[in-house]
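Predicted model and sequence below, questions to follow.
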Amino acid sequence: MWSHPVGHVLMHNREMTLNKAKCLPVRNIAFIKTHKTGSSTVSNILLNFGLANNLTAALPNFPKGHSYYNYITKPNENFVKEMICPLTDGRQEYNLLFYHCVYNKTAFRSIMPENTVYISILREPFQQFLSSFFYYRIDISLVKDFPALSNSTSIYSFLSNPYNFTKEENHFTYTRNKQAEDLGFREEHLRNNETLKQYLLGLEKDFLLVMIMEYFEESLLLLRRELCWEMEDIIHIPNNVNKKKEKLTFDEEYLQSHRRFSVLDYIVYDHFLKIFEEKLNSQDESFKAELNHFKRVLNLVQLGCSTGNDVWVNESLWHQSFVVTQERCRLMTMRELDSLDLIFEIQGAKRTLNATHSVRTLLY
Ligand SMILES: Nc1ncnc2c1ncn2[C@@H]1O[C@H](COP(=O)(O)OS(=O)(=O)O)[C@@H](OP(=O)(O)O)[C@H]1O
């Protein structure tokens, strides 16, 4: 169980606001953390919700310093219970799961409570590719392998013919179908249309909400409605932003080339975007006003946090007044690896898997 001073402050606020609530907030949540989709910001929201409500998170079991230190499962790996760090009191039930892993329906149901709600997030695949390309410094590694290329243009060379740099049969990489891989798609889904369709429909049933990064605030408001959460619970500061990203332009041929190369990601994104937009369009009249209000609150909090003070948010139609403490500000801007250390400390968890030694480099 987590117990932390920040949790107590937030809990006090929650007790006040929940008096008004007509439903019970969902507390058992598995977030399938896709790559380069705004997922660290969503994980951070879940982390804060966990702290405020004394919940237990499933933590990765790789040793500290391992390249997959913040991953529950690596790609191409079958999930086994030992991949989750055991709880000190011997229990095996967790409320929250929000670290990188590959979705596996049966395995997840064996570790999460039966009433767990599954959620995820997707991003427009070309933008997700760009984010991944620069985060993993693929521009630099391409130049190392192909000295005729230059850092600034290697992305265009890559897109002109991705198969010069990726084996045709290598369907899942950091630049190819990564989001689909995170959601558990495999080679077989590329070989057979019917298998692909069935798997997509299965995901649609399994997930309460697949958020869309291009609609980040809308996604969180839908999440709040679905989970019966308070607005305070979805306050955040964007994490993991590449502040040095150059503005590049790409002709249609590059976009099409990526669409062919990473076809599964586009199929999955287009499918869930449609569902998301339908859900959005079916919201009541008040959604727009709530959205505008939420954006104003986010601005206030993001600005307030940057001044190092507590931020007071006045009562509105959608929530009672609440305070975002400096401590919560600090937690909202904490890098994922640092917050992972914090949760290990709070849960008193000890990793039990043996060490192997590739050290993860922090990229920016
Ligand atoms: N709130 C919000 N709104 C819009 N965009 C956001 C937000 N939070 C994070 N981001 C962008 O998401 C990218 C990082 O994604 P992840 O956190 O999933 O990356 S990781 O896989 O965990 O490394 C990274 O994208 P790039 O900056 O394009 O690289 C972030 O800028």
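Cool, the structure landed. No experiment lies behind these values; they were computed from the predicted model shown.

Return the residues of this structure in contact with the ligand.
When proximity is defined as C-beta under 6 Å from any ligand atom, the chain approaches the ligand at 35-41, 131, 135, 213, 216, 238-242, 245. Just so you know, the C-beta spots here come from the backbone N, C-alpha and C atoms, and that holds for glycine as well.

run the last query once more with 8 Å
Proximity of the chain to the ligand, by C-beta under 8 Å from any ligand atom, involves residues 33-43, 100, 121, 123, 127, 130-132, 134-135, 213, 216-217, 236, 238-243, 245, 336.

what residue of the chain is the furthest out?
The outermost residue of the chain relative to its centre, with distances by C-alpha atoms, centre = their mean, is residue 148 at 36.3 Å.

List the backbone torsions phi and psi for that residue.
Backbone geometry at residue 148, expressed as degrees, to the nearest 10, gives phi -70, psi -20.

which residues does the closest residue to residue 77 other than its chain neighbours contact?
In this structure, residue 77 finds its nearest non-sequential neighbour in residue 102, 7.4 Å apart by C-beta to C-beta, 6 or more residues apart in numbering. Counting by C-beta atoms under 8 Å, 6 or more residues apart in numbering, residue 102 makes contact with 73, 74, 75, 77, 79, 181, 182, 183, 184.

number of nearby residues for the closest residue to the second one other than its chain neighbours?
I take that to be residue 74. Spatial nearest neighbour of residue 74, chain neighbours left out: residue 68 (5.1 Å); criterion: C-beta to C-beta, 6+ apart. When neighbours are defined as other C-beta atoms under 10 Å, residue 68 has 18 of them.

Please apply the same query to residue 100.
The local packing count at residue 100 equals 21, with neighbours defined by other C-beta under 10 Å.

how about the strands of the stretch 251-364 of the chain, start to end?
For the stretch 251-364 of the chain, strands defined by DSSP state E, counting those that start in this stretch occupy the ranges 311-313, 322-324.

which one of those has the most crowded surroundings?
Across the strands of the stretch 251-364 of the chain, averaging neighbours per residue (mean count of other C-beta atoms under 10 Å) puts strand 322-324 on top, at a mean of 21.

So for it, mean pLDDT?
Across strand 322-324, pLDDT averages out at 97.

strand partners of it, parallel vs antiparallel please.
strand 311-313 (antiparallel) (DSSP bridges).

which residues touch the strand it pairs with?
Residues outside strand 311-313 that contact it (C-beta under 8 Å, 6+ apart): 232, 297, 300, 301, 304, 305, 319, 321, 322, 323, 324, 329.

Next one: the fifth one from the ligand, what distance?
Using C-beta to the nearest ligand atom, to the nearest Å, we find residue 304 at a distance of 17 Å from the ligand.

Can you give me the pLDDT of that residue?
96.

again, but for the second one
pLDDT, residue 297: 98.

Who does the residue nearest to it when sequence neighbours are not counted form a beta bridge with?
Spatially, and ignoring its direct neighbours in sequence, residue 297 is nearest to residue 313 (5.6 Å; C-beta to C-beta, 6+ apart). Under DSSP bridges, the beta-bridge partners of residue 313 are residue 322.

Please tell me how far residue 313 sits from residue 228.
Residue 313 sits at a distance of 19 Å from residue 228 (criterion: C-beta to C-beta, to the nearest Å).

In this structure residue 218 contacts residue 292, no?
No. Using C-beta atoms under 8 Å, residue 218 is not in contact with residue 292; the gap is 11.3 Å.

nearest spatial neighbour of the spatially most central residue of the chain, skipping sequence neighbours?
When C-alpha atoms, centre = their mean is applied to the chain, the residue found nearest the centroid is residue 39 (2.1 Å). Nearest residue to residue 39, sequence neighbours excluded (C-beta to C-beta, 6+ apart): residue 33, at 4.4 Å.

what does residue 110 give?
Residue 110's closest residue in space is residue 81 (C-beta to C-beta, 6+ apart), at 7.0 Å.

Just the pLDDT for that neighbour.
Value listed for residue 81 in the pLDDT field: 80.

could you list every residue that touches it?
92, 110, 111.

Same question for residue 226.
26, 117, 208, 209.

Kindly recompute the last result at 7 Å.
Residues near residue 226 by C-beta atoms under 7 Å, 6 or more residues apart in numbering: 208, 209.

returning to what we had before: just the buried members of the contacts of residue 102?
73, 79, 181, 182, 183, 184 (16 or more other C-beta atoms under 10 Å).

so of those, which ones are in helices?
181, 182 (DSSP state H).

mind checking the longest helix of the protein?
Criterion DSSP H: the longest helix present in the chain is helix 286-306.
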